[in-house]
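Asks: Let me see the structure of the following:
(one chain, ligands or ions: 1)
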Amino acid sequence: MVVKTQIPQQFKSMKSTSIGGRRPICVDCKTEMIPEKNSILVCQHNPAGKPIKIWYADLWKCPMCEYEIILGFGSGAISEWYEDSFEGWFKDVEYHF
Ligand SMILES: [Zn+2]
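Replies: Here you go, the predicted structure:
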């Protein structure tokens, strides 16, 4: 049984409505994207397809065409494959890359 503790601040995603002062722009629609969901869990895989790191990040969406992107990653991975907590976090991952 893996117990999740409080997430340290450095692992949290940016939780802001801008990245570096500017929102991402949808090239097709020439429109600012909007934050769709904060603090989603995203799993990074190595080239062989093995899950290696879990991150917090933000999901952004174009209000016109609904194209979605993920950015605003926390400054460090919340868990890595060799850690005991990895399996517990992995169950709640929403997106993989
Ligand atoms: Zn668009």
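
Asks: Quickly check: stretch 60-73 near the ion or not.
Replies: Yes - with Cβ under 5 Å from the ion as the criterion, the ion is reached by stretch 60-73 at Cys62, Met64, Cys65, Tyr67. Just so you know, the C-beta spots here come from the backbone N, C-alpha and C atoms, and that holds for glycine as well.

Asks: What pLDDT is listed against the second one?
Replies: As summarised for this prediction, Met64 has a pLDDT of 98.

Asks: follow-up on the earlier one: just name the closest of the residues of stretch 60-73 next to the ion to Pro51, please.
Replies: Nearest to Pro51, judged by Cβ to Cβ, of the residues of stretch 60-73 next to the ion is Tyr67 at 25.3 Å.

Asks: Look up how far Ser79 lies from that closest one.
Replies: Distance, Tyr67 to Ser79, by Cβ to Cβ, to the nearest Å: 29 Å.

Asks: ok, what's across the strand from the most centrally placed residue in the chain?
Replies: The C-alpha lying nearest the average C-alpha coordinate of the chain belongs to Ala57 (Cα atoms, centre = their mean; 2.3 Å). For Ala57, the beta-bridge partners are Ile40 (DSSP bridges).

Asks: tell me the contacts of Lys50?
Replies: Counting by Cβ atoms under 8 Å, 6 or more residues apart in numbering, Lys50 makes contact with Trp81.

Asks: ok, which residues in the chain are in contact with the ion?
Replies: Checking the chain against the ion by Cβ under 5 Å from the ion, the hits are Cys26, Asp28, Cys29, Cys62, Met64, Cys65, Tyr67.

Asks: cutoff 6 Å now
Replies: Cys26, Asp28, Cys29, Thr31, Cys62, Met64, Cys65, Tyr67 (Cβ under 6 Å from the ion).
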